[in-house]
Every structure is written in C-alpha cells, then in structure tokens.
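> Quick one, structure for this:
(one chain, ligands or ions: 1)
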Amino acid sequence: MPTTPELIAADRRHLWHPFTQQQDWCEEEPVLVIDRAQGTNLYDTDGNAYIDGVSSLWCNVHGHRHPAIDAAIEAQLRRVAHTTMLGLSHEPAVTLAERLVALAPPGLTRVFYSDSGSAAVEVALKAAFQWWAQRRERQRTRFICLENAYHGDTLGAVGVGGIDLFHSLYRPLLLDAVRARAGDSAHLEELLAVHGDEIAAVIIEPLVQGAAGMLLQPPGYLRAVRQLCDDHGVLMICDEVATGFGRTGRMFACEHESITPDLLCVGKGLTGGYLPLAATLASERVYEGFLGRHEEVRTFFHGHTYTGNPLACAAAVATLECFERERTLEALQPKIELLARLLEHRVATLPAVAAVRQRGFMVGIELEQAAAERRMGHQVTLAARRRGAVIRPLGDVIVLMPPLSISEADLRRLVAITAAAIAETTVRRLRSAA
Ligand SMILES: *Cc1c(COP(=O)(O)O)cnc(C)c1O
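Modelled structure (predicted):
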C-alpha cells in the first residue's frame, strides 16, 4: 500500500476530478483520502472518522458496509459479475424490475436500465421523442424544462438543464429547450399554449430542484404540471434521481401529490449508494408505442454495455428489501422532524444564514450574499471537515443530505458541526474583511 503522501502526489499527477478546479485541488491542503467506511461514517487513511453528511453525493441510503447489501453483492459475485442484457436476461434484473414496478407510482410498468442518472434522463428524452415520431408527430422535437433544472451532465441532459454556471457554455451543442419558471404553473400553461404542438415532453425534478440549491416547489405545483401535460397532450418526465428512494420522506416525491408521470428516472439511491445503476420506468402506453414487427423499425435503439449489471441489480434488490425489513421510511419521519427543529434552532438563527430549505432529508442552507462572494460555501465545508463531517456545497448553499439510516445522535452532531463551521467561517471572514 502506498503511503498517504504518495497517494496524494500520484493523484495530483494523474487524476482529473469531477466538478473540480484542478489548479485549486493541486494547491489545497489537506487532501482527504478515504480508506473505508462503516454505517454513516467515512474513515480517512489516518483513521479519522467523518459523518457522511451528503450520503457520498446523495446516493447512500442505509449506510456503508450494510451487512445485507454486502452479502447480496458477494452472493451475486459467486454467480456472475456481468453479462449483457442485449438479447439475454438474468434473475437480478428481473427481480429488481418487478420490485420497482410494485413500488413506483401506479401505471409505471416497464423498466429500462442504464448506469447513471444522466443516462436515465437521456433514455427518457429519446424515448419520448421516438414515441411521438412513431405516432407520426415528428414535429415534436422540443422539451420544456424548468429554469435552474439539473438533469445530469451528458449533452441531452445538459440541454434540458438550466444552471448557467454548468450549462451555458455548451449552448451551441444543445437541444433548444423551452424554459418554464419553476413553481409557476401559469407560466407553464402559457408556454404550452404557444409551443404545445412541438413539445414531446415536460421534464421536471418533482418537489425539489436539488442541484439548483434545494429549491422547493409550492404545494400543488407537481399536480398542476401533470394536469397541464394531460390537457395539452404532452408526455411528462419526472426525474427522481435525487428525490427517489425516500429522500423526501416518501419512497418517491411523486407520491406526495399522487401523480404518475409517463416516464420516471431513478438513479443515485437505487443501489443504496453501492454501485452505478439507474433506470427509466415507463407506462404501458409509452412502451406499447415501440411494439411492431422487426421491419417496422420501432425498436428503441439504445443500451449501454453495463445496462442492468447483475451485481448492481443485486445491490438494488437488497436495498429495497432493507426499506421493508428495517421500516426505513417509518423510522425516518421522526428524524425529519428532529432535523427541522435542529435547523430552526441551531442554523436559521446564524447571522450568515439567509435561508434554510428542507424537504424530508434534503436540506439547503443558503448563506448571505456577502458570504457568497468569498467562496464561503467551500470554506464552511473545510471547517466542517476539521470538526468531523464531510459535506459538499452547491456554490454557497450548504447541503445536508445524510443517509436515511443516520442515528438521531449523529444527526444532532452533523447539524452541530455544520452550525459551528458556518459560525466559525463567517466570523473569521468578516473579521479579516474589516
Ligand atoms: C445527480 C442527478 C442526475 C445525474 O445523475 P448522475 O448519476 O450523476 O449522472 C440527474 N438528475 C438529478 C435530479 C440529479 O440530482
């Protein structure tokens, strides 16, 4: 095993990290190298423990090294690690599809696998367009998305994205999407009235726009979007890559407003944060639009090498079983309330905090504008790390998104660390500015 300094030096020589300015990365100390994890704790190569405050980028659900998920992967490994789903089938993919259909909003009956949330979105966009094309509506080439939307980093997903910092440069390469103001159903209605005939689908992150900074939608909005899609005869795609698998307090965010989209994208929490797997669920109506004799060429020509990877499917099945066996969603409700109280008393009261937004176990703490100018979000995460929590901000919104399995004690500690980190950083900065 190389030493930690050797690892860091080699990292800086050869790696290129995602969403990371490498120039800063190569200058900044200290670099945290994660060695192992257990439950809701991450351990670095020096043995220091950190609460996994953002669920290893929003995907861990039942904690790390969960015995049942570990065992399911090990058992599958003794059968086969990977085999293709192009023209073949396997048990974990079948079992998982059955379970997903049983859990998903009613009416979603078909499961198309991929390996990232972005890919699940690409699948939904292509399927929506092709479905219309096969109904002789080839003019439906456009999508309506929301301002500040985030649906992933591949070009199709970026095309329906609305975060300028990440997306605007790529405009020349992108789909020409129509952008609706989030939370404003009247605006969506206006856009559908003008563009309705050229729209294949409306795509939306239901209830919470995650990467935008945990922006919340008003009650009734999601249902209004469903109604407008029906009224104007366009498909509705819900991207639950972030909100799915309990994050909002229900298994899927769509349940809060009792709606079923035509296409549903899931990823992140699907395997409990273990392995890369995503899925696009479709209604029977969408699925049937692809049926026909071979010569009719209605096949969905899409698929990835690792589509429906058996190890990942086995991890996902075990993850869903944990939800049942451990009554995860039931146990989560008091923790959501505790989190709300802690945020109200410990965080919202801090002078540097402009707003606290929470939906279930998704939290965005927005810092005051003055803080934003000094890359305070990043400074706060460094301070939190020194106190024993790993968090990652979205610009100057501090994100808390712990595993659903976190204990009340660790939840209290996570909020206390975050509050102290915000207080420490903002006081020090204001002083140095004076
Ligand atoms: C993270 C995310 C994606 C992209 O998923 P990847 O697995 O990172 O490609 C898509 N949509 C939403 C809402 C997300 O939060």
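> among the helices and strands of the protein, which has the poorest mean pLDDT?
Taking mean pLDDT, DSSP states H and E as the measure, the chain has helix 369-372 as its least confident helix or strand, at a mean of 68.
> other SSEs contacting the following helix or strand past that one?
Per DSSP states H and E, helix 369-372 leads on to helix 376-387 as the next helix or strand towards the C-terminus. Counting contacts by 3 or more Cβ pairs under 8 Å, 6 or more residues apart in numbering; DSSP states H and E, helix 376-387 is packed against strand 362-367, strand 397-400, helix 408-433. (Glycine included, C-beta is placed from N, CA and C.)
> what about Ala10, which SS state?
helix (DSSP: H, G, I helix; E, B strand; the rest coil).
> Report how many residues lie close to it.
With neighbours defined by other Cβ atoms under 10 Å, the count for Ala10 comes to 11.
> Please name the residues that touch it.
Contact analysis of Ala10 by Cβ atoms under 8 Å, 6 or more residues apart in numbering lists Pro2.
> For the stretch 251-400 of the chain, which residues are neighbours of the ligand?
By Cβ under 6 Å from any ligand atom, the residues of the stretch 251-400 of the chain that approach the ligand are 267-268.
> now the strands: where do they sit in the stretch 251-400 of the chain?
Taking DSSP state E, counting those that start in this stretch to define them, one finds strands in the stretch 251-400 of the chain at 263-266, 278-283, 353-359, 362-367, 389-390, 397-400.
> and of those, who's closest to Thr83?
The closest approach between Thr83 and any of the strands of the stretch 251-400 of the chain, judged by Cβ to Cβ, belongs to strand 278-283 at 17.8 Å.
> Can you give the strand pairings for the closest one, parallel or anti for each?
The strands that strand 278-283 pairs with in its sheet are strand 108-114 (antiparallel), strand 263-266 (antiparallel) (by DSSP bridges).
> quick one: the next helix or strand after the longest one to chain centroid distance?
For strand 108-114, the following helix or strand on the C-terminal side (DSSP H and E) is helix 117-133. Centroid separation between helix 117-133 and its chain, computed with Cα atoms, centre = their mean, to the nearest Å, is 18 Å.
> Which other helices and strands does helix 117-133 contact?
With contacts defined as 3+ Cβ pairs under 8 Å, 6+ apart, the secondary structure elements packing on helix 117-133 are strand 108-114, helix 155-159, strand 199-204, strand 235-239, strand 263-266, strand 278-283, helix 284-288.
> Let's see that with 10 Å instead.
strand 108-114, strand 142-146, helix 155-159, strand 199-204, strand 235-239, strand 263-266, strand 278-283, helix 284-288 (3 or more Cβ pairs under 10 Å, 6 or more residues apart in numbering; DSSP states H and E).
> Phi and psi next, for Arg226.
Dihedral angles phi and psi of Arg226 (degrees, to the nearest 10) take the values phi -60, psi -50.
> What's the local residue count around it?
22.
> okay but it is in contact with Gly107, surely?
No: under the criterion of Cβ atoms under 10 Å, Arg226 is not in contact with Gly107, lying 11.5 Å apart.
> quick one: common contacting residues for these two?
Jointly contacting Arg226 and Gly107 under the rule Cβ atoms under 10 Å, 6 or more residues apart in numbering are 259-262.
> would CSV of the residues you listed with pLDDT be doable?
Written out in CSV, the entries for these read as follows (pLDDT from 0 to 100):
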residue, pLDDT
Ile259, 98
Thr260, 98
Pro261, 98
Asp262, 98
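> Which one of the residues you listed is nearest to Ala253?
Ile259 (9.7 Å).
> Report the contact partners of the closest one.
Counting by Cβ under 10 Å, 6+ apart, Ile259 makes contact with 105, 107, 206, 222-227, 229, 236, 238, 252-253.
> between the residues you listed, which has the most around it?
For the contacts of Ile259, counting by other Cβ under 10 Å, the largest number of neighbours falls to Cys238: 31 neighbours.
> Could you tell me how far it is located from Phe129?
17 Å (Cβ to Cβ, to the nearest Å).
> can you check Cys322 too?
Remark: distance between Cys322 and Phe129 (Cβ to Cβ) = 36 Å.
> Equivalent analysis for Met214, please.
Separation of Met214 from Phe129 (Cβ to Cβ): 30 Å.
> okay, these two: which has more neighbours?
More neighbours sit around Met214 than around the other of Met214 and Phe129, counting by other Cβ under 10 Å; the figures are 25 against 21.
> Look at the closest residue to the more buried one other than its chain neighbours and report its pLDDT.
Nearest residue to Met214 in three dimensions, chain neighbours excluded: Gly364, at 2.8 Å (Cβ to Cβ, 6 or more residues apart in numbering). What the model reports for Gly364 is a pLDDT of 98.
> ok, Gly364 touching Ala242?
No: assessed by Cβ under 10 Å, Gly364 is found out of contact with Ala242, at 11.8 Å.
> per-domain residue ranges of the chain.
Domain assignment of the chain by automatic domain parsing yields the ranges 32-62+327-433, 68-325.
> Those domains: lowest mean pLDDT?
domain 32-62+327-433 (a mean of 94).
> Quick one: distance of it to the chain centre.
Relative to the chain's own centre, domain 32-62+327-433 is displaced by 17 Å; criterion: Cα atoms, centre = their mean.
> got the buried residues for stretch 22-32?
Leu32 (16 or more other Cβ atoms under 10 Å).
> Fine by me, thanks again.
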